[in-house]
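Asks: Task: produce atomic coordinates for the following.
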Amino acid sequence: MSLTLPAGVALPVTASALVLTQQPGNGDNGGQGEDFGKSSPVGFLVLILFLIAVAFLVRSMTKHLKRVPASFDDPPAAEAADEPPAEAPAEPEKKQPNGASSAKSD
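Replies: All right, here's what the predicted structure looks like:
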């Protein structure tokens with residue numbers, strides 16, 4: 001099976017393809033001059049700084065990920081029943097308005 005274009009479409013398609021594939025002949029290289037593609041020492045320094053920043057971010061992320069529990073699910077009921085209930089903290093001693101404590105003294 002071959003792909004052929006109708007005669008009325010073939011001429012404009014080929015003409016536009018020729019125009020689009022032409023290299024500029026008037027000295028304009030489309031921004032691709034003599035120094036195109038060359039890097040400066042400042043660009044290399046910025047690249048090195050980015051790599052150092054990424055290394056520190058990866059190190060920090062691994063530290064944080066080590067602290068994450070294996071599962072966020074609630075513990076099973078059997079394990080919760082084995083543990084003694086936590087005692088309620090003792091209430092602090094309340095002071096009377098005259099400065100005496102609420103505890104009885106004999």
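Asks: Give me the three-state assignment for residue 49.
Replies: helix (DSSP: H, G, I helix; E, B strand; the rest coil).
Asks: what residues are up against it?
Replies: By C-beta atoms under 8 Å, 6 or more residues apart in numbering, the contact set of residue 49 is empty. Using the backbone N, CA and C atoms, a C-beta is placed for each residue, glycine as well.
Asks: I'd like the distance from it to residue 98, if you could.
Replies: Using C-beta to C-beta, to the nearest Å, residue 49 is found at 69 Å from residue 98.
Asks: Repeat that for residue 63.
Replies: Between residue 63 and residue 98 the computed distance is 56 Å (C-beta to C-beta).
Asks: who's more crowded, the two?
Replies: Counted by other C-beta atoms under 10 Å, residue 63 and residue 98 do not tie: residue 63 has more neighbours, with 9 against 5.
Asks: quick one: the more buried one is in a helix?
Replies: Yes: assessed with three-state DSSP, residue 63 lies in a helix.
Asks: which sections of this structure are below the confidence cut-off?
Replies: Where the chain drops to pLDDT under 70, the residues are 1-3, 5-29, 77-97, 99-106.
Asks: Now do residue 33: how many residues are near it, please.
Replies: Applying other C-beta under 10 Å, we find 9 residues neighbouring residue 33.
Asks: actually residue 42, not the one I wrote
Replies: 8.
Asks: and it, that one's in a helix?
Replies: Yes: the assignment for residue 42 by three-state DSSP puts it in a helix.
Asks: ok, now how distant is residue 66 from residue 38?
Replies: Distance, residue 66 to residue 38, by C-beta to C-beta: 43 Å.
Asks: where does residue 74 land in three-state SS?
Replies: With three-state DSSP as the criterion, residue 74 reads coil.
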